Structure formats: C-alpha cells, structure tokens
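*Asks:* Here you go, sequence then predicted model.
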Amino acid sequence: MTLLRDFWLIVLGFSSGALVAAGIFAFIAIIGLVPRLAQKTHTESACRLYESCITAGGIFGCLPLVFDFVLPIPQVLFIPIGFFVGIFIGTLAVSLAEVLNVVPVFLRRAHLTMGISVFLLAVALGKLAGALLSFLVFYFA
Amino acid sequence: MDIYIALRPSWQFTGRRLVFLKDIAEIWSPSIPLSSLEELVVYTVPPDGEDVVALSAVDVARLIGRSFPTATVQNFGQDAVLLECTMQKTQKKPWQYLKVAAISLVLFFGASTAILSFHHDGEIPKVMQDYYRLFTGEENERPYLLEIPYTIGLSAGILLFFNHFSSKASKQDPTPIEVQITTYETEVNSHKIASAQKKKEDAS
C-alpha cells in the first residue's frame, strides 16, 4: 500500500516539475530576452548554446530544493555572478514592460513623439534606485 | 516581356560599392536573358560608406524599366528591401567568443535565479509538504519522495521545451528561441524599412 502511495507521490512530483518548467521557461523564451541579447551582440548563431545554458541554470537552481550542499567558491566570484544575475533580471524586467507596450502606449496617450531615450534612462535609473533601496535600506527591516 | 521578381526582406554587405538585382531579389523571366537582369545595378553606395536605405518594389521596377522599358515587372516578394552597408570587417573571433561566454553566464545564473525566486515566491517547499500531508496524513519537513521527482520532472520539462540533445530535432523542429529570433529579426527589419522610407520622404 505504501508502495502504491509512494508511486503516486513520485508521479505527482514529476508532473509538477514538468509543468513548472514549461511555465517558467516558456515565459523566458517568449519574453524576447534571448533574441535581444543575441541580436545586440551579433551572436544569433550561438542560440542553441544559450538554450543549453538556460537549461543548465534551471536545473542548477532546482538543486537546493533537494540537496543541502555547499559550493565553496572564492568570494571574488560573487561579483561577476551578482553582475550576471543583475543583467538577467534587468533585461527580464524591461522585456516584460516592452511586451506590454508600456512606453509606446504612454507616449501615445501623452501625445509625445520624442524623449524615448530620456524615459528609458529614467526607467533604468529608477530600477537602480529601487535595487539600492532594497539592498541598502530595507534589507534588515 | 514579363519579369518576375521576389524581393528579399533585407541584404547586408560589407566593403562593396554596387548592389545588383540578384542580391536583392529572386528573378525569372521567360523572354529576357537572366544574366543581363541579374547584373543590373540597383544601388551604388555613396563614397562615405555606411548606409541604410530602403528600396521599394516601385523603385526596383523603375530601375528595371530604365534598361528594359517595355518589360512588365511582377513582384511576388516583399514590398521593400532593406540595404545595409557597413564598411568595417566582421568582428574578431576571440571577441565574439567572449561575448557568447558572457551571455551564456548571464543566462545560466539568470535561469537559476528565476527558478530559485519562483520556489521562494511560490513557496514550493511548503506546497510539497502540503501534498505529503494530504496523501499520507503525516508531517514531513523534507518530502524527498516528491522533491526529487519534481527536480527530475523540471529538468525533463526544460529539456523537452527547448527540444535539445536529440540529433534529428534541429532542422525539422526549431526551438522556441530560434523562432523568437526570426520573429524579432522580422520586426526589426520592418521597423528599419519604415524609418528608412520615412527618412527618404523627409529628404525629398
């Protein structure tokens, strides 16, 4: 009886994982983040490598759920890793806004045809301010 | 005298001055020798080099009409073709590899962050505990029986979604991001054509 119960638990776990993966990675794929990064750097041909990296990163991020492991790396490496995560989240956040056409709609409503670059800079600075606030001011609250 | 052409969406070239009809379109004609059509010059790059121009189908028809005044031009392709001329050579390999490596790292750690943040946000460990309690009636802080299959399922889901590591997949079934890149390039191209045509109208 326990065996049957365990079997269903395994099926349940596996299905949850597969569907969560589909959801999150469909989101990353559809949001247009990878095409943008690839186009900006003229490395469209490395597309498959990029997908492999997303796959590997996704699996890596899932491991702490199961294993209580420690990866001792020199603290210096925190700097590039933090930087990479920052780039990813930054582009993700902006891609999300772009998909919803926030800036074009806003410009249309305001009858503006110029200043796009200023607004984008303002958005970037706002995000910087938000990040600094969350890490420096609210972190220990 | 019919000439059938299909304009391509865009044509990028480096270090050339002349653009021929064969560069920007597929051509066929039952009556005119193809070689004379193919070598027709449709655009000459100005001496200062870099340039982005849009040639509309009408522009192309006009240019063909100069050489073949009695011909009828039928276009089955795009409405306009974008010519992008750069004088510089393509980027150096090591630099290219460096960029690929940097983006790979961004995507690896980014995807990892996405999953970790989802697990926190969606409180997945608690969901797993709930499931365990629901199906067994017992409390379990770490229901490995759910978590390990979950991790395997997640990996399988990502691999399936991106459809990697199966050799026959590449041509028949492009991955979602490859499709996204094509869509993105099409949109960028149509934007460039629109802005190049606008510039041309403003100039004239």
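*Replies:* All right, it came through fine.
*Asks:* Please identify the helix or strand for the residue most central in space within chain B.
*Replies:* The geometric centre of chain B, computed from its C-alpha atoms, lies nearest to B:Thr182 (Cα atoms, centre = their mean), at 3.0 Å. Using DSSP states H and E, B:Thr182 sits within helix B:176-203.
*Asks:* helices and strands around that helix, which ones?
*Replies:* Contact analysis of helix B:176-203 by 3 or more Cβ pairs under 8 Å, 6 or more residues apart in numbering or on different chains; DSSP states H and E lists helix A:2-30, helix A:33-40, helix A:47-66, strand B:51-56, strand B:80-86, helix B:144-162 as its packing neighbours. Bear in mind the C-beta positions are built from the backbone N, C-alpha and C, glycine included.
*Asks:* export the ones you listed to TSV and tack on distance to A:Phe138 and mean neighbour count?
*Replies:* Converted to TSV, those look like this (distance: least, Cβ to Cβ, whole Å; neighbours: other Cβ atoms under 10 Å in any protein chain shown):
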stretch	distance to A:Phe138	mean neighbour count
helix A:2-30	26	17
helix A:33-40	27	21
helix A:47-66	24	21
strand B:51-56	46	19
strand B:80-86	47	21
helix B:144-162	31	22
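*Asks:* would you turn these into a markdown table with distance to B:Pro33 and mean pLDDT?
*Replies:* A markdown table is the format used below for the helices and strands packed on helix B:176-203 (distance: least, Cβ to Cβ, whole Å; pLDDT from 0 to 100):
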| stretch | distance to B:Pro33 | mean pLDDT |
| --- | --- | --- |
| helix A:2-30 | 48 | 86 |
| helix A:33-40 | 40 | 84 |
| helix A:47-66 | 41 | 87 |
| strand B:51-56 | 23 | 83 |
| strand B:80-86 | 23 | 85 |
| helix B:144-162 | 48 | 85 |
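*Asks:* Indicate which one of the ones you listed is closest to B:Ala25.
*Replies:* With Cβ to Cβ, the closest approach to B:Ala25 among those belongs to strand B:80-86: 7.2 Å.
*Asks:* okay, the helices and strands packed on helix B:176-203 in a markdown table with distance to B:Ala196 next?
*Replies:* Shown next, in a markdown table, are the helices and strands packed on helix B:176-203 (distance: least, Cβ to Cβ, whole Å):
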| stretch | distance to B:Ala196 |
| --- | --- |
| helix A:2-30 | 29 |
| helix A:33-40 | 18 |
| helix A:47-66 | 27 |
| strand B:51-56 | 4 |
| strand B:80-86 | 7 |
| helix B:144-162 | 35 |
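*Asks:* Out of these, which is closest to A:Ala124?
*Replies:* Using Cβ to Cβ and comparing those, the one that lies nearest A:Ala124 is helix A:33-40, at 14.8 Å.
*Asks:* Just the CA trace of that closest one, in CSV.
*Replies:* Listed next in CSV are the C-alpha coordinates belonging to helix A:33-40 (Å, rounded to 0.1, in the frame of the first residue of the first chain):
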residue,chain,number,x,y,z
LEU,A,33,15.1,38.4,-23.7
VAL,A,34,17.4,35.9,-25.5
PRO,A,35,16.8,37.3,-29.0
ARG,A,36,17.6,40.8,-27.8
LEU,A,37,20.8,39.7,-26.1
ALA,A,38,21.8,37.6,-29.1
GLN,A,39,21.0,40.4,-31.6
LYS,A,40,22.8,43.1,-29.6
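*Asks:* what helix or strand does the residue most central in space within chain A sit in?
*Replies:* Nearest residue to the geometric centre of chain A (Cα atoms, centre = their mean): A:Ile89, 4.7 Å. If you go by DSSP H and E, A:Ile89 is part of helix A:78-99.
*Asks:* Just the angle for the helix or strand that that helix is followed by relative to helix A:78-99, thanks.
*Replies:* The helix or strand immediately downstream of helix A:78-99 is helix A:102-109, counting by DSSP H and E. With axes from the mean of the first three to the mean of the last three Cα atoms, to 10 degrees applied, the angle from helix A:102-109 to helix A:78-99 works out at 40 degrees.
*Asks:* counting contacts, what elements does helix A:102-109 pack onto?
*Replies:* In terms of contact count using 3+ Cβ pairs under 8 Å, 6+ apart, helix A:102-109 is assigned the packing partners helix A:116-132.
*Asks:* what angle separates the helix it packs on from helix A:102-109?
*Replies:* For the pair helix A:116-132 and helix A:102-109, the angle between their directions (the same axes, to 10 degrees) equals 130 degrees.
*Asks:* So for helix A:116-132, mean pLDDT?
*Replies:* Model confidence over helix A:116-132, given as mean pLDDT, is 82.
*Asks:* so where's chain B uncertain?
*Replies:* Within chain B, the stretches falling below the threshold (pLDDT under 70) are B:49-50, B:87-91, B:164-172.
*Asks:* give me that answer again for 90
*Replies:* Along chain B, segments meeting pLDDT under 90 span B:1-3, B:5, B:7-75, B:77-104, B:106-107, B:110-204.
*Asks:* for B:Glu139, what are its contacts?
*Replies:* B:Gln129, B:Tyr132, B:Arg133 (Cβ atoms under 8 Å, 6 or more residues apart in numbering or on different chains).
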